[in-house]
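Colleague: Structure for the following, please:
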Amino acid sequence: MSEIGKAIKNVGDAVDEGIHRGEAAGERAKRDVAGDAMTPGEKLGSVANEVKRDVQADMDKAKRNIREST
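Modeller: Predicted structure coming up:
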């Protein structure tokens, strides 16, 4: 892969990582604001969404790291 191709993919992954981290933070904030108004099921769903977004962000970061080491 050319250096330009790597740079383009790295930018895309960095943007995706930021989006996923922002969505994870949004889930945390939603739980903080709603507090006891959320049912246990809603809280569990929110935690699951937060974890999913964090994993997606970590995957985007890992792809960049792998790309940079090759």
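
Colleague: list the contacts for the residue most central in space within the chain?
Modeller: Taking C-alpha atoms, centre = their mean as the criterion, H20 is the residue nearest the geometric centre of the chain, at 2.6 Å. Each residue near H20 by C-beta atoms under 8 Å, 6 or more residues apart in numbering is listed here: 53-54, 56-57, 60. C-beta coordinates here come from the backbone N, C-alpha and C atoms, glycine included.

Colleague: Now the element after the host helix or strand of it, going C-ward?
Modeller: H20 belongs to helix 3-34 when elements are defined using DSSP states H and E. Using DSSP H and E, the helix or strand that directly follows helix 3-34 along the chain is helix 40-69.

Colleague: tell me the angle of that following helix relative to helix 3-34?
Modeller: 160 degrees (axes from the mean of the first three to the mean of the last three C-alpha atoms, to 10 degrees).

Colleague: Who are the packing partners of helix 40-69?
Modeller: Here helix 40-69 touches helix 3-34, going by 3 or more C-beta pairs under 8 Å, 6 or more residues apart in numbering; DSSP states H and E.

Colleague: In the helix it packs on, which residues are buried?
Modeller: Under the neighbour-count criterion of 16 or more other C-beta atoms under 10 Å, helix 3-34 has 10, 13, 16-17, 20-21, 23-24, 27 buried.

Colleague: Quick check: mean pLDDT of the helix holding H20?
Modeller: When pLDDT is averaged over helix 3-34, the result is 97.
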